[in-house]
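>>> Using only what follows, build the 3D model:
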Amino acid sequence: MLTRQGIFFVLTVFGLIAINAAWLIPTLRNTRTAASVFSLTVAERIQSEINGSLENALTDAQEAAQEVADERNAGTSFRNLLRHHAIFTSVALVTRSGKELIRIDRSGKVITDQYIDQSRNASLYLALQGTPAFSLPFLSPEGEPHITLTIPIPAAEALFNEVLIAELNVQNLLSIIRSPNIGQGHVYVLDREGTEILQPDLNKILQHRNFSSRPIVTKVLVDAAIADGLAPDDRYINEYGEDTFTVGMPIPVVKWGVFVEQPRSQALASERQTIALAIGTSLLAIIIFLVIARSTIKLQQLTEAQTRLLLENDQSAKMLVRRDMELTGANARLLELDKTKSEFVSVAAHQLRTPLTALRWSYQAMLDGDMGETNEEQKKILRDGLQATLQMITLINDLLNVARIEEGRFGFEFIMQPLEPILAALLPRFEKIAREKSVTIIFQPAPTALPPLFLDAEKIAIVIDNLLDNALKYTAPGGSVTLRVINGKTNIRIEVEDTGIGIPHDQIHRIFNKFFRTTNAMLFQTSGNGLGLYLAKNIVETHGGDMFVESTEGKGSVFSFTLPVGKAS
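Coordinates of the predicted model:
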């Protein structure tokens with residue numbers, strides 16, 4: 001039978017599970033939604049470019065077919081089509097029997113009285129039934145992927161006797177699906193039958209693999225619906241045995257479908273980090289609870305001992321002295337126990353960092369070759385592990401710092417000192433990071449000498465470090481980050497300006513809230529905990545300064561803070 005303490009422990013554990021579930025489930029849902037939005041954005045861009053290119057080709061080919069039907073000169077119509085569209089390589093007028101009445105290629109060469117084999121030309125058959133059709137890809141003599149577009153020539157009779165057959169070079173479409181930067185994932189395009197017609201690997205295109213058995217393919221090609229990757233039947237195991245996260249979108253003009261496929265472990269990588277954080281937080285809370293519970297029991301025992309001593313106080317003076325001595329010893333042990341409890345709570349919090357630090361150096365040692373040579377695939381796994389470990393260490397440090405600030409235990413040490421050495425110590429590291437990201441970093445010192453400031457150098461370094469780190473993290477290659485110092489009469493102003501993604505106008509008022517991240521930041525950079533700016537603002541306000549932000553989404557941001565000249569009030 002459970003004791004009262006046991007029941008309380010069980011209820012506490014269930015309470016911790018409920019609390020973790022309250023934030024973990026929405027966070028995991030948001031992670032999947034962010035992955036879906038990112039993949040759908042890629043799919044939509046590719047769909048738009050392919051649809052537009054083929055729609056233009058189809059429209060102009062139909063106009064050329066109409067001109068031929070109106071008894072205009074076929075040669076002139078075909079030359080105009082070839083001249084206005086680089087995607088066409090040749091255009092032919094073909095009879096029902098398969099005879100080419102005229103073919104004109106891009107060089108202007110005219111070929112007549114040729115025959116094609118109808119039995120192998122499904123597109124010709126469809127066009128003779130009145131339906132324009134695109135063929136499966138094939139290789140040209142130059143080794144480039146081509147397709148044919150077959151258009152019926154309008155006729156007064158119900159029966160179509162002639163068709164226009166245009167050959168198209170789709171190398172540009174291949175470039176479109178190769179362009180997205182989606183890590184280990186790739187983009188592929190299926191025709192209306194589910195056959196793969198475009199993908200980054202040209203050899204696989206020519207295999208004409210059919211994926212119509214996948215439910216997500218049916219949803220996109222048959223139902224003409226958008227698959228966001230969140231439904232259970234959108235998920236499948238690909239030919240490499242990988243569990244995938246895939247979205248799909250129809251291409252209306254040809255009734256094809258474009259699919260963005262990523263390994264699920266890559267697309268939802270932050271899920272594992274979030275779950276690990278929840279488990280770590282729960283274990284730490286249970287350890288702290290056990291320490292507090294044990295201390296409480298000890299306190300209760302000591303209190304009962306004190307009560308017994310007071311009840312026996314009137315028995316005799318000798319007994320009183322003896323009990324008084326015991327009480328003094330008990331109080332000393334109580335103080336020592338209370339100190340031990342506080343130290344243990346602090347150590348328990350830091351113990352979570354100790355194995356992570358060991359993991360970090362182990363990963364680093366293996367990456368540096370201290371444990372032997374590793375291949376590129378192993379190095380990538382080690383780099384991913386090192387990055388995840390560093391993110392966890394940063395998160396734990398931020399959580400501990402926030403807790404110390406809120407409990408008034410952050411340990412500020414204010415002295416009069418110059419600001420310049422703090423900036424000089426930080427800039428080299430961020431200049432190196434900027435070079436690696438192909439971002440320009442600019443330092444604009446104050447035009448006049450700065451007076452000494454009453455500040456804690458370590459804490460102000462945390463603020464500047466956070467602002468520069470955010471600026472570089474959310475600025476794309478080719479952008480710039482500017483750190484400037486402005487010398488005012490009553491305060492010094494430090495500004496960090498970037499040309500990054502900016503902050504949505506309706507979210508800027510929440511930017512300094514604890515755990516808050518903007519929607520575009522989560523799409524651009526999945527890692528982050530939303531504690532850095534909260535911590536920085538508290539440090540600045542403790543120094544008697546203020547923190548500000550100005551931003552335009554898509555153009556960049558300016559974060560700044562002030563430090564008073566003289567001692568903070």
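>>> can you list the domains in this structure?
53-166, 173-267, 269-406, 415-564 (automatic domain parsing).
>>> just how off-centre is the second one within its chain?
It stands for domain 173-267. Using C-alpha atoms, centre = their mean, to the nearest Å, the mean C-alpha position of domain 173-267 is found 20 Å from that of the whole chain.
>>> That domain: end-to-end distance?
25 Å (C-alpha to C-alpha, to the nearest Å).
>>> Strands along the stretch 51-200 of the chain, start to end?
88-95, 99-105, 110-111, 114-115, 133-134, 138-139, 145-152, 162-169, 186-190, 196-198 (DSSP state E, counting those that start in this stretch).
>>> Let me have those strands in CSV, extended by mean neighbour count and distance to residue 500.
Any C-beta I mention is one placed from the backbone N, CA and C, and that applies to glycine too. As requested, those are exported to CSV (neighbours: other C-beta atoms under 10 Å; distance: least, C-beta to C-beta, whole Å):
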stretch, mean neighbour count, distance to residue 500
strand 88-95, 22, 42
strand 99-105, 17, 49
strand 110-111, 12, 56
strand 114-115, 12, 59
strand 133-134, 22, 41
strand 138-139, 12, 43
strand 145-152, 22, 38
strand 162-169, 23, 38
strand 186-190, 22, 26
strand 196-198, 22, 33
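>>> Quick one: closest of those strands to residue 498.
Judged by C-beta to C-beta, the one of those that comes nearest to residue 498 is strand 186-190, at 30.4 Å.
>>> one step back: kindly report which one of the domains of the chain carries the lowest mean pLDDT.
Across these, domain 269-406 has the smallest mean pLDDT, namely a mean of 70.
>>> Can you tell me which of the domains of the chain is nearest to residue 39?
When these are compared (using C-beta to C-beta), the closest one is domain 173-267, at 4.3 Å.
>>> Turn the domains of the chain into TSV, including distance to residue 28.
Shown next, in TSV, are the domains of the chain (distance: least, C-beta to C-beta, whole Å):
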stretch	distance to residue 28
domain 53-166	38
domain 173-267	12
domain 269-406	6
domain 415-564	13
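>>> just so I know, which of these lies nearest residue 43?
Residue 43 sits nearest to domain 173-267 of all the domains of the chain, at 4.5 Å, using C-beta to C-beta.
>>> Any idea which of the strands of the stretch 51-200 of the chain gets closest to residue 460?
Closest approach to residue 460 among the strands of the stretch 51-200 of the chain (C-beta to C-beta): strand 186-190, 46.3 Å.
>>> circling back: residue 459 is nearest to which of the strands of the stretch 51-200 of the chain?
Nearest of the strands of the stretch 51-200 of the chain (C-beta to C-beta): strand 186-190, 46.5 Å.
>>> In PDB, could you pull the C-alpha coordinates for the closest one?
Taking C-alpha atoms only, strand 186-190 is exported to PDB below (Å, rounded to 0.1, in the frame of the first residue of the first chain):
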ATOM      1  CA  HIS A 186      14.700  15.800 -54.200                       C
ATOM      2  CA  VAL A 187      11.800  16.800 -56.500                       C
ATOM      3  CA  TYR A 188      10.200  14.500 -59.100                       C
ATOM      4  CA  VAL A 189       7.300  15.000 -61.600                       C
ATOM      5  CA  LEU A 190       4.800  12.300 -62.600                       C
END
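>>> hmm, back to that, and of the domains of the chain, who's closest to residue 31?
Taking C-beta to C-beta, domain 269-406 is the member of the domains of the chain nearest to residue 31, at 5.2 Å.
>>> hmm, back to that, which of the domains of the chain sits closest to residue 38?
Per C-beta to C-beta, nearest to residue 38 of these: domain 415-564, 5.6 Å.
>>> Between the two ends of the closest one, how far is it?
Counting by C-alpha to C-alpha, you get 13 Å between the two ends of domain 415-564.
>>> do stretch 163-177 as well
The first residue of stretch 163-177 is 31 Å away from its last residue (C-alpha to C-alpha).
>>> Show me how far it is from its chain's centre.
Between the centre of stretch 163-177 and the centre of its chain there are 33 Å (C-alpha atoms, centre = their mean).
>>> same question, stretch 285-293
Counting by C-alpha atoms, centre = their mean, stretch 285-293 is centred 35 Å from the centre of its parent chain.
>>> Also stretch 86-94?
43 Å.
>>> could I get it in CSV with only the CA atoms?
C-alpha atoms of stretch 86-94 as CSV (Å, rounded to 0.1, in the frame of the first residue of the first chain):
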residue,chain,number,x,y,z
ALA,A,86,13.5,28.3,-77.7
ILE,A,87,11.9,25.2,-76.1
PHE,A,88,10.7,23.9,-79.5
THR,A,89,13.4,22.0,-81.5
SER,A,90,11.2,20.9,-84.5
VAL,A,91,7.6,21.1,-85.7
ALA,A,92,5.9,18.6,-88.1
LEU,A,93,2.5,18.3,-89.9
VAL,A,94,1.5,14.6,-89.9
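>>> How about residues contacting it?
Surrounding stretch 86-94, the residues in contact under the criterion C-beta atoms under 8 Å, 6 or more residues apart in numbering are 53, 57, 61, 64, 68, 74, 78, 81-82, 100-106, 111, 116, 124, 140, 146, 153, 162-170, 172.
>>> And stretch 509-519, by the same measure?
402, 503-504, 507, 528-531, 533-534, 537, 547, 549.
>>> For residue 53, see how far away residue 206 is.
Counting by C-beta to C-beta, to the nearest Å, the separation of residue 206 from residue 53 is 21 Å.
>>> the more surrounded of the two?
The neighbour comparison of residue 206 against residue 53 (other C-beta atoms under 10 Å) goes to residue 53, with 18 against 14.
>>> so the more buried one touches residue 174, yeah?
No - the pair residue 53 / residue 174 is not scored as a contact, 11.7 Å apart, by C-beta atoms under 8 Å.
>>> before we move on, the earlier item: hmm, which two among the contacts of stretch 509-519 are most spread apart?
Maximum pairwise distance among these (C-beta to C-beta): 24.5 Å, between 402 and 504.
>>> Please say which of these two ends up with more neighbours.
More neighbours surround residue 402 than the other of residue 402 and residue 504, with 18 against 15 (other C-beta under 10 Å).
>>> what about the more buried one, which helix or strand?
For residue 402, the element it lies in under DSSP states H and E is helix 376-406.
>>> helix or strand right after that helix?
Toward the C-terminal end, the helix or strand that comes next after helix 376-406 (DSSP H and E) is strand 415-417.
>>> same for that following strand, what does it pack against?
Other elements packing on strand 415-417 under the criterion 3 or more C-beta pairs under 8 Å, 6 or more residues apart in numbering; DSSP states H and E are strand 453-455.
>>> which of the contacts of stretch 509-519 count as buried?
402, 503, 507, 528, 529, 530, 531, 533, 534, 537, 547, 549 (16 or more other C-beta atoms under 10 Å).
>>> on that earlier part again, out of the contacts of stretch 509-519, which is nearest to residue 378?
Of the contacts of stretch 509-519, the one sitting nearest to residue 378 (C-beta to C-beta) turns out to be residue 528, at 27.3 Å.
>>> wait, isn't residue 148 in contact with residue 167?
Yes - between residue 148 and residue 167 there is a contact under C-beta under 8 Å: 5.4 Å.
>>> Mind jotting down where the strands sit in the stretch 401-550 of the chain?
Going by DSSP E, counting those that start in this stretch, the stretch 401-550 of the chain shows strands at 415-417, 440-444, 453-455, 480-487, 491-498, 547-552.
>>> Check those strands for me and report the most buried one.
strand 453-455 (a mean of 22; mean count of other C-beta atoms under 10 Å).
>>> Show me what it is packed up against.
For strand 453-455, the packing partners by 3+ C-beta pairs under 8 Å, 6+ apart come out as strand 415-417, strand 556-564.
>>> Can you add distance to residue 520 and give the ones you listed back as a markdown table?
Compiled in a markdown table, those are given as follows (distance: least, C-beta to C-beta, whole Å):
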| stretch | distance to residue 520 |
| --- | --- |
| strand 415-417 | 38 |
| strand 556-564 | 11 |
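>>> Any idea which of the ones you listed gets closest to residue 279?
strand 556-564 (33.6 Å).
>>> Grab the nearest non-local neighbour of residue 449.
residue 487 (7.9 Å; C-beta to C-beta, 6 or more residues apart in numbering).
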